Structures are given as structure tokens and as C-alpha cells.
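# Predicted model and sequence below, questions to follow.
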Amino acid sequence: MTPLASNKIDYRDQIQRCVQSMALGCVEDVRPFLADGMTVGHVKLFTDGNLDKRMAKVLDQVELLNAAFDNLNELVSEYIHQVPLAAYDTGCSDSDRFLRWLKLTHVTSLEQHDHIACQLARHEVENSARMNRLGHVRFQELHSLADRLTAEWQTNSRLRIHLNPIRIWATFQTNVLLDAETTTPTDVLFFANGHQIRTSAFEDAGKEFVETLASHGPFTLTDWKRLDRSTSRSDLIEFCLDAAEMGLVAFG
Amino acid sequence: MSLSMVDTARIATSERFTVPGIGYALREQNRDILNDPAINAVEITFERADDPLRIDRYLGEQEFEHVGIHALKLSVASPDAPGRDYLDALLAIAEENDAESISDHLGFTRDAQHGAEMGHFAPPPFTPAALDATCRNIDFVQTFFARRDRRFYIENIAYLFQFEGTMTEAEFFYRVLKNTRCGWLLDVTNVYANAVNFGFDADDFITEVMPAADRVQLHLAGGVFDEQAGLYIDSHSESIPEPVWSLYRHALEQGRRKIDAVFLERDQNYPDERSWRREIRQTRAIAEEIYCSR
């Protein structure tokens, strides 16, 4: 092995050992690599600061769970001392991993399950927008014309109905995050609305409309009526107008 | 004084020295004062702009003479080169906001491509092996960004500890700049913090490294001295202290004809509008005093 190749392995080994330990706040492993005069106390200042910031970020991003977990701070602390931050952590990726870790390592009640499902769905909407930024921006631009086009849509047979591409279904087991009269378990749709995330629980018919649009859209009202002969035109119009108002569909 | 004499004087001044672009690292708390006449540059921190639900251009309608993108996760001192997805994302934000430069820090935050991350950059050991890895990664990054005409700058970091090494930080940094020809994002406050904490002369550090840099950007910020730890912490939470202003003057003198932009950073304990404006105007006034009055 050449001296350069050997250097690379030594260096890789040093960085790996240091990162793996410092990421979890274990500073003793770093001691052999420190310069004269440096103590593990100096390293601890560094790792404590990093872990504090990590914990604050996760807690901020899963704030919703405070209503369901009395010991959220302890759980997040346990997580960040067990699971190192992943390379290229971005946006909500660390809190997303926390929620999956929580589901795997702790027994949760149905109410707690719903809080986790809700938070995970919100993250999935963000991830979906990240993966399909062009789709998100195009749909939101189209939806910004909704006021004008909604009025035109019922008379202009060429205008098609577009479904918001940034959407995720989640199943809630309880009513803890829903209206009291909603029958559970129920599927809830999370979708991007401008810079926000909106949610809507649908009855079976509404869910079927969304799935039809997802499978066959975009299409015109006439096309839709051909696909679904059992639903009246006025019901389809009512659904579309409601969905357009909430930011789930746009016309164009 | 005749008009032609005034014109001649202006041309002579501008030929001698160009005042760098001056502005803030953009935060929501200073967005409203970015139209201040003292500001003609802005720095965007990638991780803040990287909001997947955002629809509008991060900078909005505003235009600046100089826009820089500042990244946190290239981890150029890691053994492996940065990931393609991250580089693509940086470039996309740069293009969307008409940025001509991208910068990151000389340190490591992760061990390997799909490994662990520490959340903040640690200094590399100042050794030949770290120098090789760092230069290799910077070459890779520069080649990638150069295809789209973006210049890359590397920032000196503030650190709380050092690994055992065989050269000084100044020597290491000099070699990185000399070997890669990348730009230097000289964080004046980081030099000050390291000088206070590790007992070297901050002016000498800048004097020693500057000859290796072709192009330079500057960062200025204010930190706090932690009495308990006995360390100056680069917290970006205070006004710029007098020793940092003094070092800024020194950096401007040393970096004549090389300095493209100066960015002020503030991340905590945000000041009121008057203080935001006062500090940026002071930054410009010092640059104009040094570059225009001689």
C-alpha cells in the first residue's frame, strides 16, 4: 500500500471515530486525537451545544406531540443520545426519524398513534413538495387563478380539473384530532396549500372523487361525468367547488 | 471645480479601489431593512432558503449587486466528496436567486456519505492527510460549481478545540487556498475568537493567509466571552465589538482589490431597526474610508 493510500485510511478512520462519538455526545473516544493542552471538556462544550440545538429543533418540529406525550422532552433526549443525526439532515428529516424511532421502540396508545401519524403526514407533505418542487409551484400558480377560473369553469368545457399533486393520506384511529362526530378509523388527506399544510377528512364518496382524479385526471367535467355515470353533475360540481376553495383542486 | 475634474477624480478613485458589496446574511428579522442605501449585497443561508413549501423566489423581488449562497453541510474536510443531491440543491437556490458565489466552512460535519453528522463543523486536524482530503473535495466542489459560473469560497471556522496536527491553522489554510485557488470567506470574528482562545495574533493570521487568496469575502459578527469556559464564543448574538472592527480594517487593507463582498451575521438577540441600519452603515463607511479616501 502506498503511503498516500495508507494516509487516507488512517484519516477516514480518525474522522469516523470522532464523528460517531461526537454525534452522540461521547467525548472520551476523541481524547487520543486531541492536541496538547486540549481536554475532553473542550470537546464536550462543542458536543453539548450541538445536542442542545438538535433537541430544540426536534422539539419545535414535533410540538404537536406535547398534547399526547407528558414526557416528550425525555423521549427526544433519549433519541438524540441513541441515534446520531444522519448525514445531510435537512428540514424535518431528524424529527421524522424521531417519530419512526418512537413508533418502533415504545408502545403507544391510539391517541398517541394519531398524533404521530398526523406529524408524519405533515412531514411527508413537505418531502413530497421537496421531491416535486415543479409540480408544487405549478399547481399553486394555477390555484392562484382559482377565483377567476372557478366562475368560468362551469361554462367553459375546455377547462380541466387538476388535483393538487402534493398530498398524503393518513389514517386516524380516534377522534382526538378530529370533530367528535367523525366515524373512526378514518382517512385524512394532508395537502399543501400555498406555504401551509391543510387537512381534510372525507366521507367515502369524497375519497372516491379524489382517487378518481388521482388516477385519471386532469380531466374536464364532461370527461368525469363519462367516467362516473352514477354521480350527478351537480354533486361533482359541488365537490369541485369545495375542493377548489380548500386548495385541493384547481382549474386550467 | 469643473465638471470634468470631478469626473476624472471619480474615475481615478474607482480605478484604484472598488468598495466591496456590503450587506447582511438574510434573516426574516432583517428582511425589511435590506433596501437601506448602504446595502448592495446579501447572503442567503441555504438551509434557511431550502423550504420545500416555498413558492416565491427566496429574495423576493429585490435585486442586489452581489448575492452569495452560504452552505453548512459540504463538509469539505470529510474523507468523501460531498453528495450530488446537496450540490444540485445548492446550485438550484443559487440560480433561482441570481447568486454568483457559494461558500461553506473549512471543517467536517459528517464521517461518510451516508453516515452520521454532528450538527456543526469541527476543525480538521492540521495534517497532510486532512489537507489532501480537503483540497480534493474543494477541487470537486469548484469543478461542479464552475460549470455554472459560480465561484466557491471557503470559510475559516471558530473552534473550541484542536486535534493534534503538524502545521498551524494559518499554514493549513494558506495551503488549501494556494492548492485549490478557491476564494476565501474570511470570517473576521472567527479569527478573533480563535486568536483569543488559542493565543495567537489575529492580525498576523490574516497577513499570513491573505497572499494565498485570489478572491475574498468577509463575515463580521459579535459574540460573547464565556467567563466560565474562559472562551470567546462566536454566537452572532451581539453588536460587532471594537477589536473586530479593528481587525476588519486590517482585513480590508490586506485584501485590497480582492474583496468582493462583506456580510454581517446576526442569529440571536436581534437588534431594533435603527441598530440594524447603524451597523451596516458603519461597515460601509469603514470600507469607503479605506478604499476611497486615499
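That came through, no problem. Numbering: from 1, shown residues only, chains lettered A, B, ... in the order given.
# the strands in the stretch 101-250 of chain B, which residues?
B:101-105, B:108-110, B:116-122, B:151-155, B:183-187, B:216-220, B:222-226, B:231-238 (DSSP state E, counting those that start in this stretch).
# Check chain A too.
Ranges of strands within chain A are A:85-86, A:160-163, A:167-172, A:186-193, A:196-201, A:219-220, A:249-251, based on DSSP state E.
# Now do the helix or strand of chain A with the lowest mean pLDDT: everything it contacts.
The least trusted helix or strand in chain A, going by mean pLDDT, DSSP states H and E, turns out to be helix A:146-153, with a mean of 77. Residues outside helix A:146-153 that contact it (Cβ atoms under 8 Å, 6 or more residues apart in numbering or on different chains): A:159, A:221, A:240, A:241, A:244, A:245, A:250, A:251, A:252. Heads up, the C-betas are built off the backbone N, CA and C, glycines and all.
# The strands of chain A: which one's closest to residue B:144?
Comparing those by their distance to residue B:144 (Cβ to Cβ), the top pick is strand A:85-86, with 22.5 Å.
# Just name whatever secondary elements that closest one is in contact with.
Using 3 or more Cβ pairs under 8 Å, 6 or more residues apart in numbering or on different chains; DSSP states H and E as the contact definition, the elements that strand A:85-86 packs against are helix A:93-105, strand B:116-122.
# what comes into contact with the first one?
In this structure, residues lying in contact with helix A:93-105 by Cβ under 8 Å, 6+ apart are A:54, A:57-58, A:61-62, A:75-76, A:79, A:82-83, A:85-86, A:108, A:113, A:116, A:119-120, A:123, A:127.
# For the closest residue to chain A within the stretch 151-294 of chain B, give its distance to residue A:34.
Checking the stretch 151-294 of chain B residue by residue against chain A with Cβ to the nearest Cβ singles out residue B:161 as nearest, at 3.7 Å. Look at residue B:161 and residue A:34: by Cβ to Cβ, to the nearest Å, they are 6 Å apart.
# Flag the shaky bits of chain B, pLDDT-wise.
Screening chain B residue by residue with the criterion pLDDT under 70, one finds the ranges B:1-17, B:293-294.
# Look up phi and psi at the nearest residue to residue B:93 once chain neighbours are set aside.
Taking Cβ to Cβ, 6 or more residues apart in numbering or on different chains, and ignoring the residues beside it in sequence, residue B:93 has residue B:49 as its nearest neighbour in space, at 5.2 Å. Backbone geometry at residue B:49, expressed as degrees, to the nearest 10, gives phi -80, psi -20.
# From the rest of the structure, what touches the helix or strand encompassing residue B:290?
When secondary structure is defined by DSSP states H and E, residue B:290 falls within helix B:273-292. Counting by Cβ under 8 Å, 6+ apart, the neighbours of helix B:273-292 from elsewhere in the structure are B:13, B:16-20, B:22-24, B:30, B:32-33, B:36, B:38-39, B:220, B:239-240, B:245, B:248-249, B:252-253, B:256, B:262, B:264, B:266, B:271.
# Out of the residues you listed, which end up buried?
The neighbour-count test (16 or more other Cβ atoms under 10 Å in any protein chain shown) marks B:13, B:17, B:19-20, B:22-24, B:30, B:36, B:38-39, B:220, B:239-240, B:245, B:248, B:252, B:262, B:264, B:266 as buried among those.
# Check what pLDDT the residue of the stretch 151-252 of chain A found nearest chain B gets.
Nearest residue of the stretch 151-252 of chain A to chain B: residue A:195, at 5.0 Å (Cβ to the nearest Cβ). Each residue has a pLDDT score; the one for residue A:195 is 91.
# right, and it touches residue B:53 too?
Yes. Using Cβ atoms under 8 Å, residue A:195 is in contact with residue B:53, at 5.0 Å.
# my guess is residue B:108 meets residue B:74, correct?
No. With contact defined as Cβ under 8 Å, residue B:108 does not count as touching residue B:74 (9.8 Å).
# In terms of helix, strand or coil, where does residue B:267 fall?
The local conformation at residue B:267, judged by DSSP: H, G, I helix; E, B strand; the rest coil, is coil.
# Could you chop chain A up by domain?
With domains defined by automatic domain parsing, chain A comprises A:3-106, A:133-251.
# Any chance of the strands of the stretch 101-250 of chain B in JSON lines with distance to chain A as columns?
Converted to JSON lines, the strands of the stretch 101-250 of chain B look like this (distance: least, Cβ to the nearest Cβ, whole Å):
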{"stretch": "strand B:101-105", "distance to chain A": "13"}
{"stretch": "strand B:108-110", "distance to chain A": "4"}
{"stretch": "strand B:116-122", "distance to chain A": "4"}
{"stretch": "strand B:151-155", "distance to chain A": "17"}
{"stretch": "strand B:183-187", "distance to chain A": "17"}
{"stretch": "strand B:216-220", "distance to chain A": "19"}
{"stretch": "strand B:222-226", "distance to chain A": "9"}
{"stretch": "strand B:231-238", "distance to chain A": "7"}
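# For residue A:21, find the nearest of those.
When those are ranked by distance to residue A:21, counting by Cβ to Cβ, first place goes to strand B:116-122 at 9.5 Å.
# residues making contact with the closest one?
Residues from elsewhere that reach strand B:116-122, judged by Cβ under 8 Å, 6+ apart: A:18-20, A:22-23, A:46-47, A:49-51, A:53-54, A:84-89, B:72-73, B:75, B:77, B:105, B:107-110, B:157, B:159, B:161.
# Any of those buried? List them.
A:18-20, A:22-23, A:46-47, A:50-51, A:54, A:84-89, B:73, B:75, B:77, B:105, B:107-110, B:157, B:159, B:161.
# Now intersect these with the helices, please.
A:18, A:19, A:20, A:22, A:46, A:47, A:50, A:51, A:54 (DSSP state H).
# so who does the third one touch?
Spelled out, that is residue A:20. When contacts are counted by Cβ under 8 Å, 6+ apart, residue A:20 touches A:29, A:84, B:111, B:115, B:116.
# do the same with the second one
By Cβ under 8 Å, 6+ apart, residue A:19 lies in contact with B:108, B:110, B:111, B:115, B:116, B:117, B:118.
# and if we set it to 10 Å?
Residue A:19 sits next to A:30, A:84-85, A:87, B:75, B:78, B:108-112, B:115-118, B:122 when contact means Cβ atoms under 10 Å, 6 or more residues apart in numbering or on different chains.
# Same check on residue A:120?
A:62, A:92, A:95, A:96, A:99, A:100, A:103, A:168, A:170, A:190.
# swap the cut-off to 7 Å and go again
Contact analysis of residue A:120 by Cβ atoms under 7 Å, 6 or more residues apart in numbering or on different chains lists A:96, A:99.
# what's the residue most central in space within chain B in contact with, if anything?
Most central in chain B under Cα atoms, centre = their mean is residue B:185, positioned 3.7 Å from the mean C-alpha point. Counting by Cβ under 7 Å, 6+ apart, residue B:185 touches B:103, B:153, B:154, B:155, B:217, B:219.
# Let's see that with 8 Å instead.
With contact taken as Cβ under 8 Å, 6+ apart, residue B:185 is in contact with B:103, B:153, B:154, B:155, B:156, B:216, B:217, B:218, B:219.
# Just the buried residues from those, in PyMOL please.
For anyone working in PyMOL, the buried entries among these, judged by 16+ other Cβ under 10 Å, can be selected with:
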select buried, chain B and resi 103+153+154+155+156+216+217+218+219
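# Tabulate the contacts of residue B:185 (CSV), appending distance to residue B:171.
Rendered in CSV, the data for these read as follows (distance: Cβ to Cβ, whole Å):
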residue, distance to residue B:171
B:103, 22
B:153, 20
B:154, 15
B:155, 17
B:156, 13
B:216, 18
B:217, 22
B:218, 21
B:219, 22
